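Engineer: Show me the folded form of this:
(2 chains)
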Amino acid sequence: MTAFFQSRYWSLEFILGMGLTAFIVIGVLLSTWIFPDVGAIDLTARLVPPFERADHLLGTDPLGRDVLARIFVGGWISLEVGFLSVLGSVLIGVLMGLIAGYYRGVWDVIVMRFADVQLALPFILLAITIIAIIGGSLTNTIILLIVSQWVQYARLVRAQVLALRDREFVLAARAIGVKNRNIILSHLLPNLMGPVVVLMTLNVANNILLESSLTFLGLGVDPTIPSWGGMLADGRTYLQTAWWVSVFPGVAILLTVLGLNLLGDWLRDTLDPTGRTAK
Amino acid sequence: MKDLSSPQILSVEGLSVSFGKTRVIDDLSFAVPKGRTVAVVGESGSGKSVTSLSIMRLADLAGARFDAGRIVLDTGAGQTDLLGLTQDAARKIRGKDIAMIFQEPMTSLNPVYTVGEQIAEILMLHEGSSRDAALREASRLLSLVRLPDADAMLKRYPHQLSGGMRQRVMIAIAVACRPKLLIADEPTTALDVTIQAQILDILRDLQEEMGMSMIFITHDMGVVAEIADDVVVMWKGEKVEEGPVGQIFAHPQHPYTRSLLSAVPKLGSTEGQDYPSKTPLTVLVDGEPQLVGETRVQDTAQTQGDPLLVVRDLSVSFDIRKTWYGRTTHYIPAVTGASFDVYPGETISLVGESGSGKSTIARTVMQLTEPTGGAITFDGRNMADMGLAERQKLRREIQYIFQDPFASLNPRQTIGWSVAEPIRTHGLADNDRETRSRVGELLERVGMPADVAERYPHQFSGGQRQRICIARALAGKPRLIIADEVLSALDVSIQAQVINLFMDLQKDEGIAFLFVSHDMAVVEKVSHRVAVLYLGQIVELGSRRQIFEQTAHPYTQRLLSAVPNPDPAAKRERTPLDGELPSTTRRVDDRPAPVTYDEIAKGHFVARH
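Structural biologist: Purely as a prediction, here's the structure:
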């Protein structure tokens, strides 16, 4: 363990990123236990400013609900949407990109033309169509985001594979007789994960916001369930009189994204043994 | 012989340069006399390129720091210390008083401008010429570097030119403003030998005509002997020796210079010997030169029995242009009707210039490319008749070593993992411990300590990486190793060590080598037999002595005469070489003419010409 603390894996990025992410994730996981009465409406305490009352540390919203409690509980939906949708897109996108880039030919044509069609469809149109067919729910929101975003990963990975597949170390592996599956897993995949990790951290934030837009349009999750994006949207109308209603959920998104970005950078550097991308 | 009165155009005085905390040049001094050529020689990491970039003041743009010293240029209107100039002032000198040509002609021209525009640009910038005058001058410059049909050439784009033509355009740009000093940084390293000979000729003539001085940076002692008047030998950032070229070659003083010269393969050095032989090497041990290794005749070829590999009428072609409904209209016949045998324990070399098809043959034997005609037989079995399992076994018995040791190892995996890859793939070890100990043995076999297995490729030098690649090739206990230009990315001293390693492996394990190379001197040193390729066809095939001593085909003669001789005292008798290799693209109905061979001596085949 001491070796770990002395190694190059141990960096400021890791401490900050891990600290932030862990704080938010643990807080959200424990939220229903810490704040059992999160949905409680208290019309006598509407729009209480932050830092004035000990029981409403970050103030209250127009219905008198505690902002701090709603942020932690609302994190459930936001993080679930953010993480699961990105995970799903990465799994499908990377697989499709690898197949298209490595085997070329018919596979490439099928996957990439499908991707082109996908990119040509406006997101909102796609959202309305899918939600109209399968109905609005948390799972369906995640499915919708995966459907619209796997393309990014597929294109990124395909481009990387095209550059890598003619590199000599891949030819060398083929000359030795290594199976295609092993070439993809041990030669291609480790060499193309850097940019994928960066795109993932960016997309988590993006998807948290997309979920709120969908909810705002009535295409997403039940609007009575708190989520960061939903809180942002709700607080918009009070921005001039009660800034805290929307700013604090915004800060929550910001900190999550910052933590994930730092972790992503750290992961990318750690995955690269040459340390080229490290400072 | 030396005009001592000639003043110096440039003098470097006590120059020290650092990148960060690393000092890359330490207290370097030398002078460039007017109208003469100074060669700066050294291996990778010796600081020779940083020297040229410092003179151009491009080094500090890349983050270098000048710790001490001066670089004084005689501009004709007084002396200027280049290191004291601002970048703005240095920019006025770059291209006008000092010009530079780089190693990579492929990347140093801008692909979206025509050749004419790129030459005219510098004339308009530094001389203030009008566009018309600049273009007229550009056309004159292009004929000066012997590009045919200069006016038409002005309107062409870089991608329409071959490597040699691009390098000539680079030279035309460099000499456009009649610089007093031309710095050439490895200008011929990326070119074929016959093209290299043309470029060296042009540079020599231009220098005489324009009276400019030249700093010629190279690692190739043959080129040095051809072009230099004076030589500065650099080693680890320091100048270890300097003097007139004849003296450096005849009486090298410093141990490093001596080891460098002893490592240079010299064409004709094995004249009269039937077999290649392993020769001892001068290596530096703690700064002292020591002779390592023994002289041994490499009589390992077992030509009495059956050949290991038989290649008959092999043809490989690539379709390059198709109609929209998929019918091929143009193709490249990369290899046409190639036939040769490889016996166990024998080294046979495929030699030729780029585009000759030598690598294509190697890749086809390795099953990386599909043949379009002919047969390859390994150990009595025709490859076309083999099933999947047998083909997989072949991938163990034939191993391939690639040219670029930097690109052929996966940067994300430890070298132990890479060396073990053939063992895992073919199930040659029962468990992990056995694999590990086998990897250790292999690394020791190629002269590396076994405990480096946990490290990553970027922690090794080029020579070490090539050894690692050899260790990987040996992991499958191969009977044939295909070495595709394995030496060309390595420094000469490392080259010599790798050659000796190959010879030891051949002696101990009886491995046959298919050696692909463009370097005639290296080929002469290692081969039992040689096949010379030109535009995809074997033009001459024979034993090493037959090819090098009773050369019969004019193309082989041309190749041999283009090889620079690392002996400045030798008189150059060169048939003037002109022209480019013709394009290899053909229409589908335009088949290359089949060659017929005459056997002029036993085993010596020459294409009718």
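Engineer: Up against chain A, what does chain B have?
Structural biologist: B:366-368, B:392, B:395-396, B:399-400, B:402-404, B:407-414, B:418, B:421-422, B:425-426, B:456, B:458, B:469, B:472, B:476 (C-beta under 8 Å from any C-beta of the partner chain). (Glycine included, C-beta is placed from N, CA and C.)
Engineer: buried subset of the residues you listed?
Structural biologist: For the residues of chain B next to chain A, a burial check counting by 16 or more other C-beta atoms under 10 Å in any protein chain shown picks out B:366-368, B:395-396, B:399-400, B:402-404, B:407-414, B:418, B:421-422, B:425-426, B:456, B:469, B:472, B:476.
Engineer: How far does stretch A:58-65 stretch from one end to the other?
Structural biologist: 11 Å (C-alpha to C-alpha, to the nearest Å).
Engineer: And for stretch B:522-541?
Structural biologist: So stretch B:522-541: terminal residues 17 Å apart, C-alpha to C-alpha.
Engineer: Any buried residues in that stretch, and which?
Structural biologist: So, applying 16+ other C-beta under 10 Å, buried residues of stretch B:522-541: B:522-541.
Engineer: Can you name the residue of chain A nearest to chain B?
Structural biologist: Distances between chain A and chain B by C-beta to the nearest C-beta are smallest at residue A:177, namely 3.3 Å.
Engineer: Give me the most central residue, chain B.
Structural biologist: residue B:488 (4.5 Å; C-alpha atoms, centre = their mean).
Engineer: Could you look up the SS state of that one?
Structural biologist: The three-state label given to residue B:488 by DSSP: H, G, I helix; E, B strand; the rest coil is coil.
Engineer: Also residue A:148?
Structural biologist: Strictly by three-state DSSP, residue A:148 counts as helix.
Engineer: ok, now which ones touch it?
Structural biologist: A:118, A:123, A:126, A:127 (C-beta atoms under 8 Å, 6 or more residues apart in numbering or on different chains).
Engineer: Of those residues, which count as buried by neighbour count?
Structural biologist: A:118, A:127.
Engineer: Mind checking which of the contacts of residue A:148 are in helices?
Structural biologist: Among the contacts of residue A:148, the ones falling in helices (DSSP state H) are A:118, A:123, A:126, A:127.
Engineer: Need the per-residue pLDDT for residue 219.
Structural biologist: I'll assume chain A. Looking at residue A:219, its pLDDT reads 81.
Engineer: nope, chain B please
Structural biologist: pLDDT recorded at residue B:219 is 86.
Engineer: could you pull out the strands for chain A?
Structural biologist: Along chain A, no segments are classed as strands by DSSP state E.
Engineer: next one: the stretch 401-550 of chain B
Structural biologist: For the stretch 401-550 of chain B, the strands defined by DSSP state E, counting those that start in this stretch cover B:480-484, B:512-517, B:529-534, B:537-543.
Engineer: a markdown table please, covering those strands and showing mean pLDDT.
Structural biologist: A markdown table is the format used below for the strands of the stretch 401-550 of chain B (pLDDT from 0 to 100):
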| stretch | mean pLDDT |
| --- | --- |
| strand B:480-484 | 94 |
| strand B:512-517 | 94 |
| strand B:529-534 | 94 |
| strand B:537-543 | 93 |
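Engineer: Turn these into a markdown table, including distance to residue B:355.
Structural biologist: Putting the strands of the stretch 401-550 of chain B into a markdown table (distance: least, C-beta to C-beta, whole Å) gives the following:
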| stretch | distance to residue B:355 |
| --- | --- |
| strand B:480-484 | 15 |
| strand B:512-517 | 13 |
| strand B:529-534 | 9 |
| strand B:537-543 | 12 |
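Engineer: of those strands, which approaches residue B:185 most closely?
Structural biologist: Proximity to residue B:185 (C-beta to C-beta) singles out strand B:512-517 among the strands of the stretch 401-550 of chain B, at 24.0 Å.
Engineer: so how far is the closest one off the chain centroid?
Structural biologist: Strand B:512-517 sits 16 Å away from the centroid of its parent chain (C-alpha atoms, centre = their mean, to the nearest Å).
Engineer: Wasn't residue B:73 part of a strand?
Structural biologist: Yes: counting by three-state DSSP, one finds residue B:73 located in a strand.
Engineer: in the sheet, who's paired with it?
Structural biologist: Beta-bridge pairing for residue B:73 (DSSP bridges): residue B:10, residue B:80.
Engineer: Tell me the one among the ones in helices among the contacts of residue A:148 nearest to residue B:266.
Structural biologist: For the ones in helices among the contacts of residue A:148, the nearest to residue B:266 is residue A:118 (63.1 Å; C-beta to C-beta).
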